[in-house]
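Undergrad: Just a sequence and a predicted model for now, questions to come.
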Amino acid sequence: MELVALEGLHAVKHALRFGANINEILSDNKDRALGLAEGICPDLVPALRERIQPMTAAEMKQCSTQPIPTHVLGFAEPPQWSFEACLPTDQPTILLDDPRNSKNLGAVVRLGAAAGAAGVLATSGVDFFNPMAVRGAAGLQWAIPCWSSETLVDDLQTVRTKRDLTIVGLDADGEPFVPGDFPGPTIFAFGSERTGLSDPVRAVCDHIVSLPMEPHVSSLNLATSVSAVMYLRRYSPRI
């Protein structure tokens, strides 16, 4: 099994809190790392003090994709999520249509975990566990189910024959988004900022809606759009 890199204290922190099987935790400055942990995650300081093993700065640089200011690097087994685990319950699911930016992908995972989403789905078989996505999510891939597949649209068509759920696409040409209109199990689908929803994802949607914006503002960043929808949906009155 290929291990997932946890680059930074925040990623290691969340992985520990949500039950990741972490094989090793390393640091090129253990005292500095523990000092930061005292302010960021004091509950985990005893475990970090016991588990952190030393490495040189050169070794850390070689093992990471970018500099790690918090001086902590971990390696963990990926969680065994499934497509079914990501489907909506009383909380909605986020669907990302061909996301291209790993940091944005990670940011969506992070806000999905914070907003209580049921899960995050993605088309095109993107990797939720590459180092930049894990860094962007601060390790919250262990807190919220994540699943990607090149056959995701077909999988959704199949599951809709067995379960009652609504798929709502976000696109600039949609009707204004009214959060209370979708009280049941709902999947919110988001396309890229540049190209929007693909034809296959648009075709599977029951509704196409848009977020209202001021004149001459053409679009929002993917993670920003997801955040607006998730929090409006969570805190708006239900029908």
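TA: Structure received. Numbers count the residues shown, from 1 in each chain.
Undergrad: residue boundaries of the helices in this protein?
TA: Counting by DSSP state H, residue ranges of the helices within the chain are 9-17, 30-40, 45-51, 57-63, 102-115, 131-137, 152-159, 199-204, 222-235.
Undergrad: and the shortest one, which residues are buried?
TA: By neighbour count, with 16 or more other Cβ atoms under 10 Å as the criterion, the buried positions of helix 199-204 are 201-202, 204. C-beta coordinates here come from the backbone N, C-alpha and C atoms, glycine included.
Undergrad: Which single one of those is nearest to Thr89?
TA: Using Cβ to Cβ, Val204 is the member of those that lies nearest Thr89, at 19.6 Å.
Undergrad: check contacts around the closest one.
TA: Taking Cβ atoms under 8 Å, 6 or more residues apart in numbering as the contact definition, Val204 lies against 153, 156-157, 167.
Undergrad: The buried residues of helix 199-204 into CSV, with extra columns for distance to Met1 and pLDDT?
TA: Output for the buried residues of helix 199-204, formatted as CSV (distance: Cβ to Cβ, whole Å; pLDDT from 0 to 100):
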residue, distance to Met1, pLDDT
Val201, 31, 96
Arg202, 36, 95
Val204, 33, 95
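Undergrad: Isn't Ala118 up against Pro145?
TA: Yes. Using Cβ atoms under 8 Å, Ala118 is in contact with Pro145, at 7.4 Å.
Undergrad: For those two, list the residues in contact with both.
TA: Residues touching both Ala118 and Pro145 (Cβ under 8 Å, 6+ apart) are Cys86.
Undergrad: on that earlier part again, specify which member of the buried residues of helix 199-204 is nearest to Val4.
TA: Closest approach to Val4 among the buried residues of helix 199-204 (Cβ to Cβ): Val201, at 27.3 Å.
Undergrad: The closest one and Asp97, how far apart?
TA: Look at Val201 and Asp97: by Cβ to Cβ, to the nearest Å, they are 5 Å apart.
Undergrad: Could you tell me which residues touch both of the two?
TA: Common neighbours of Val201 and Asp97 (Cβ under 8 Å, 6+ apart) are 123, 189, 191.
Undergrad: Can you pull up the most central residue in this structure?
TA: In the chain, the centroid-proximal residue (Cα atoms, centre = their mean) is Val109; its distance is 1.2 Å.
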